[in-house]
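K.L.:
model this:
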Amino acid sequence: MDLFYRKYGQGPALIIVHGLYGASDNWVSIAKGLQDYFEVFLVDQRNHGRSPHHPDHTYEAMKEDLKLFMDEHEIEKAVLLGHSMGGKTVMHFAKEYPERISHLIVVDIAPISYLDDARKKHRTLDHATLIQAMRSVDFSKIESRQDVDEALSDTIPPERVRQFLMKNLRRESNNQFSWSLNLEALWNNLPHILDGLNEKEFEKGRGITGFQVLFVKGAESDYITQDVFDSIILTIFPYAELVTIPKAGHWVHAEQPDLLIKNLLYFVLA
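P.N.:
Residues are numbered from 1 along each chain as shown. The predicted model follows:
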């Protein structure tokens, strides 16, 4: 699949892979903060942003998209950074193609299944709720972004979440709004998107090694817990490091961009 991308700077290749509902433009400020040190590639994953739509939205497919991207741009080895769903994409890539990675950075996601996470923690805004809310918007009755905001507000009360999702709005040639996301594919593949790696495959010294690994956790996020890091993450990536960014939740790159950049540069260049 021919992924849409943006490129900044010169130097060693650094590829940033966004999360669910995200796109390359969510990471432009981070790329600009790194462009003096790296040639930064921001990709839109399949079914997101300006990349093509496809009914298959699995990590098997997305890691192959990433490999094809690297091959087409003649990138033999790169620093890979993935956030949330993108973090799982780069972890699956690391399992299959470790020789193509110089450093692996995973932002606020663990290689575990989050399938039962919403039910266990009684979250009101699980991914199924978000996708169904977006699918329910009747664009034939929509004339402005404010109309979309109002249509989502009953199901998705937090304004910040609505504004993030609405970055995926686009206008068609007939001037009607639509979603750039392939919501049908995301809905149909949601159990897989939320699933994780099988840590048992990496037990007894079979963990992924050969490059440095950094996990970045937002202090106010519960996607990575210390227990998961000490057990599952270190089983899969035995030499991984963990850094916690203060005053940040799941969207670390939006909430603490300067601190994230500082930690990334220290990890890769020090």
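K.L.:
run a quick neighbour tally on Phe139.
P.N.:
15 (other C-beta atoms under 10 Å). Every residue, glycine included, has its C-beta placed from N, CA and C.
K.L.:
for it, which non-adjacent residue is spatially closest?
P.N.:
Distance criterion C-beta to C-beta, 6 or more residues apart in numbering; nearest residue to Phe139, sequence neighbours excluded, is Phe177 at 5.2 Å.
K.L.:
beta partners of that neighbour?
P.N.:
Legend: beta-bridge partners of Phe177 under DSSP bridges are Arg171.
K.L.:
test my guess that it contacts Val148.
P.N.:
Yes - with contact defined as C-beta atoms under 8 Å, Phe177 reaches Val148; the gap is 6.6 Å.
K.L.:
now the common contact residues for the two.
P.N.:
Both Phe177 and Val148 are in contact with 142, 169, where contact means C-beta atoms under 8 Å, 6 or more residues apart in numbering.
K.L.:
the residue nearest to Phe139: what's it in contact with?
P.N.:
Going by C-beta under 8 Å, 6+ apart, Phe177 touches 139, 142, 145, 148, 169-171.
K.L.:
got it, and Ile233?
P.N.:
Ile233 neighbours (C-beta under 8 Å, 6+ apart): 110-111, 215, 224, 240, 242.
K.L.:
any idea how many residues pack against Gln45?
P.N.:
26.
K.L.:
and what of Ser144?
P.N.:
Here the count is done by other C-beta under 10 Å, and Ser144 has 9 residues near it.
K.L.:
do you know the pLDDT at it?
P.N.:
We have a pLDDT of 95 for Ser144.
K.L.:
and it, backbone torsions?
P.N.:
When read as degrees, to the nearest 10, the backbone of Ser144 gives phi -150, psi 170.
K.L.:
Arg162 is in contact with Ser153, correct?
P.N.:
Yes - proximity of Ser153 to Arg162 meets the contact threshold set by C-beta under 8 Å, at 6.7 Å.
K.L.:
so which residues of the stretch 101-250 of the chain form strands?
P.N.:
Applying DSSP state E, counting those that start in this stretch to the stretch 101-250 of the chain gives strands spanning 101-107, 169-171, 177-179, 212-218, 241-245.
K.L.:
what angle do the first one and strand 212-218 make?
P.N.:
Right, strand 101-107. Angle of strand 101-107 versus strand 212-218, following axes from the mean of the first three to the mean of the last three C-alpha atoms, to 10 degrees, is 10 degrees.
K.L.:
and the angle from strand 101-107 to strand 241-245?
P.N.:
40 degrees.
K.L.:
adjacent strands (with direction) for strand 101-107?
P.N.:
Strand 101-107 sits in its sheet next to strand 78-83 (parallel), strand 212-218 (parallel), going by DSSP bridges.
K.L.:
what's the most buried one of these?
P.N.:
strand 78-83 (a mean of 26; mean count of other C-beta atoms under 10 Å).
K.L.:
how far off centre is that strand?
P.N.:
Remark: strand 78-83 is offset 10 Å from the chain centroid, using C-alpha atoms, centre = their mean, to the nearest Å.
K.L.:
kindly export that strand (C-alpha atoms) in PDB.
P.N.:
C-alpha atoms of strand 78-83 as PDB (Å, rounded to 0.1, in the frame of the first residue of the first chain):
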ATOM      1  CA  ALA A  78      15.600   3.700  10.900                       C
ATOM      2  CA  VAL A  79      14.600   5.000  14.200                       C
ATOM      3  CA  LEU A  80      10.900   3.900  14.600                       C
ATOM      4  CA  LEU A  81       8.500   5.800  16.800                       C
ATOM      5  CA  GLY A  82       5.000   4.700  17.200                       C
ATOM      6  CA  HIS A  83       2.200   6.100  19.300                       C
END
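K.L.:
that older thread, which one's more surrounded, Ser153 and Arg162?
P.N.:
Ranked by neighbour count (other C-beta under 10 Å), Ser153 and Arg162 place Arg162 first, with 19 against 13.
K.L.:
wait, that one touches Thr155, no?
P.N.:
No - using C-beta under 8 Å, Arg162 is not in contact with Thr155, being 9.5 Å away.
K.L.:
specify which member of the contacts of Phe177 is nearest to Arg50.
P.N.:
Of all the contacts of Phe177, Arg170 has the smallest distance to Arg50: 9.1 Å, by C-beta to C-beta.
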